[in-house]
Each structure stands twice: as C-alpha cells, then as structure tokens.
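S.K.: Mind folding the following:
(chains A and B)
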Amino acid sequence: MSTTHSVAMEHHKDYTGSKIGIWLFLITEVVLFGGLFLLYAVYRSSYAEDFHNAANELDTLVGAANTIVLLTSSLSVALSIAAVHRGNRKLAIIMLVLTIVFGGWFMVNKYFEWGAKISHGIYPGSSTLGLHPKGEIIFFGLYFTMTGLHGLHVIVGMILLTVMLFKVLGQPRSQVQFVDGHGLERARGGKFVVKDRYGGEVWTSEELDDSVQSISVDVKFWPVAKRFRVNDFIQLENSGLYWHIVDVIWIFLFPLFYLIT
Amino acid sequence: MKDEHETQHESGGYGVYFLAWFALLLLTSITTTAAGMDFGSFSVFVALVIAAIKATVVLYLFMHLKHESKLFHIMVFVVLVTLVIFIGLTFTDVLFR
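M.R.: Model prediction:
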C-alpha cells in the first residue's frame, strides 16, 4: 500500500507587503534629504550672490562625470534584476559586480573632489574658509553635509548589493523543513520516497517508525530560466530600489551644487 | 508553484532600461548645456524641471512604479505634496518676514 502525500513547497513571503515596506523607507529617505534641500533653498534665497560664487568653485566636469557613473550604475542594477527574473544567473552576477564597481568609482571621484577642496582649505571649520563671506561658508557647509550624507548612502548601497551578490552566487540553495506533526503521524509506518518528474523512484527512506521526529529535505533550486525563484530575490529587488533612490537624490544634488551658478 | 507571481512582476525587456538610461544621459547633457546659457532667474527653474523629469524616468522605469498598484502612486504623491507644503510654507515665512 502506498499513500502519496503531496507537500506544497511555498515560501510564505509577502511580496506586496515587502514592497510597501521598502517604499515607505525610501519615502523617509526622501523626507530626510528634503529637509536639507529646504535648508539649501532658504539660504540660497538669502545669500544668492555668495551661493553663485561658491558654486563656481565646484568642478562641473567632475559633477557631470559622477552623474553619468551613477546613472549607468542604475542601469546595471536594473539589468541585473531583469536578468534574475529571466533566470540568467551569469548576467545578473556580471551586472551586480558592475554596479558595485560603478559605486566605487563614484566614491573615488568624490574622494578626489573632496581632497582637492580640503587641500585648498575649504572644509567646515577651516580658518581659510572662515575668511570667505558668510553665504559661501554656508554653501560649503551644505555641500559637505549633503554630498557626505549622499556618499554614505552610496556606501550602504554598495554593502547591500555586495550581500545580494553573495546571495545570487550562493544559489542554488534552499532548505525546506517539514516538521509537520499531523502529516508525520499520517506518514508513520510508511516510507519516504523521492521521485523524479517521470515518477521513477530516486530514493527511498527507511520505514518511518516512532523514533522519527521530523523530516527535513535539502532542496537545490537550479536557476533554469523558467524556475528562478522570484520570491527569493525580493531583497535584491529592494536593494535595487534603494540604489535607485540614491541616484534620484544625486539627480537633484548635481544641478543645485554644480550647475546653478 | 507561483507562476502567476513570476510573470506578474516580469518587467519589460532589457531595451526599456537602455532607453531610460539613454534618456537620462541626454537630459544630463541638456541640463549641463543649459547651465552654460543665461536664463537669468529662470535657470534654477529650468534645472529643477529637468531634474524632476529625470527623477520621474528613474521612478517609473527603473523602479517599476509604472507597474505598481495605485497605492504606491498615492504614497509617492503624498510625500511630494508634503514636501511642497513644507517648502512652500517655509518660504511664505522667509520671504515676507
């Protein structure tokens, strides 16, 4: 006599709930930077002339280069997620690595940019900057605060994406555990059989007697195009969303600090 | 298993992203060029409008807001209105003080 118990192997993850969660978080990020933009706007209206002169000291070329780097990194992270959706593991990995490299490139540019400013004595609290008009001091204070906070977000994004890279590299791996008491009672006295898709028996267990307390199965999910588990990549998608919002913030920082002179 | 999920969140072809990226680069070069020209007091306005268009492209295409439900649109709308109120009210204070 054989009884077939089919076990639904679903991961109970709430896709929409997770998406709402990350969007709410991104909104708090927007509000955080929104406050700083408000500060910028008010001081700009009070010290228009000083802001104009101070912005002239920033290198538009470096700013534009960093904009292109960040926009391209947004493309690569979007491509990586699209590749995951299509089960193209290799492309997903390449694009994730590229995104992290672009993030690093952005930070290296930032390092040289800040370094040049600091070596010219332009940094918060410096005696050289203290001789500048008040509006310029405020401009550079905001510049270091806002690009600094943004840079911090880029670093956090790079860390998140690195973790995600290891998650993708770690595929296929997924452990499903059945510790279902009721199901186990019904299975007692029988045997646990693993069949392949044609119904052939791949493996048969010992008889499930009273000593069996739980059954756990280590399942490997190979990333073939039609069976790449989207639900396991909510975290990757959400990290991608975070990366994009960091890009959006830069989209506003760039013209306000580098262009409007 | 969850086939409807896998297709439901399918996000267009790769081409859309390249198109979005190209548009963003184009807008970047436009805003950089526009900064070189003198629009007077309009230059801030022009730069911010272009930045807003770029942000919309990122939100709708890269962040898939286009495919999300109405709730997400409302969330984004609410935060934008909140920011406008914050900034607007602050300026009524600053400008007429």
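S.K.: Which stretches in the chain count as helices?
M.R.: Let's take chain A. With DSSP state H as the criterion, chain A has helices at A:15-46, A:48-56, A:60-85, A:89-119, A:127-130, A:134-170, A:181-187, A:234-254.
S.K.: my bad, the chain I had in mind was chain B
M.R.: Taking DSSP H as the criterion, chain B contains helices spanning B:3-8, B:14-36, B:42-57, B:70-95.
S.K.: want to try CSV for these, with distance to A:F192 and mean pLDDT as columns?
M.R.: The way it works is simple: take the backbone N, C-alpha and C, and place the C-beta from them, glycine included. Listed next are these as CSV, based on distance: least, C-beta to C-beta, whole Å; pLDDT from 0 to 100:
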stretch, distance to A:F192, mean pLDDT
helix B:3-8, 27, 41
helix B:14-36, 43, 93
helix B:42-57, 53, 90
helix B:70-95, 44, 91
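S.K.: Make a markdown table out of these and add distance to A:Y47 and mean neighbour count.
M.R.: Supplementary listing: the helices of chain B in a markdown table, determined by distance: least, C-beta to C-beta, whole Å; neighbours: other C-beta atoms under 10 Å in any protein chain shown:
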| stretch | distance to A:Y47 | mean neighbour count |
| --- | --- | --- |
| helix B:3-8 | 51 | 12 |
| helix B:14-36 | 19 | 16 |
| helix B:42-57 | 14 | 17 |
| helix B:70-95 | 12 | 13 |
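S.K.: got TSV for the ones you listed, with distance to chain A too?
M.R.: As requested, the helices of chain B are arranged in TSV below (distance: least, C-beta to the nearest C-beta, whole Å):
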stretch	distance to chain A
helix B:3-8	5
helix B:14-36	4
helix B:42-57	4
helix B:70-95	5
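S.K.: In CSV, list these along with distance to A:S46.
M.R.: Listed next are the helices of chain B as CSV, based on distance: least, C-beta to C-beta, whole Å:
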stretch, distance to A:S46
helix B:3-8, 50
helix B:14-36, 22
helix B:42-57, 14
helix B:70-95, 7
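S.K.: Surely A:I93 is in contact with A:F166?
M.R.: No - contact between A:I93 and A:F166 fails when scored by C-beta atoms under 8 Å: they sit 10.3 Å apart.
S.K.: Low-confidence regions, the stretch 151-261 of chain A specifically.
M.R.: Scanning the stretch 151-261 of chain A for pLDDT under 70 picks out the ranges A:171-183, A:217-232, A:261.
S.K.: Try it again at 90.
M.R.: Counting by pLDDT under 90, the stretch 151-261 of chain A shows low-confidence ranges at A:166-235, A:259-261.
S.K.: swap in the stretch 1-150 of chain A?
M.R.: Scanning the stretch 1-150 of chain A for pLDDT under 90 picks out the ranges A:1-18, A:45, A:48-49, A:52-53, A:55-57, A:59, A:83-90, A:121, A:123-132.
S.K.: more neighbours, A:I93 and A:F166?
M.R.: Higher neighbour count among A:I93 and A:F166: A:I93, with 17 against 10, using other C-beta atoms under 10 Å in any protein chain shown.
S.K.: Could you pull up the contacting residues of the more buried one?
M.R.: Residues in contact with A:I93 (C-beta atoms under 8 Å, 6 or more residues apart in numbering or on different chains) are A:80, A:165, A:168-169.
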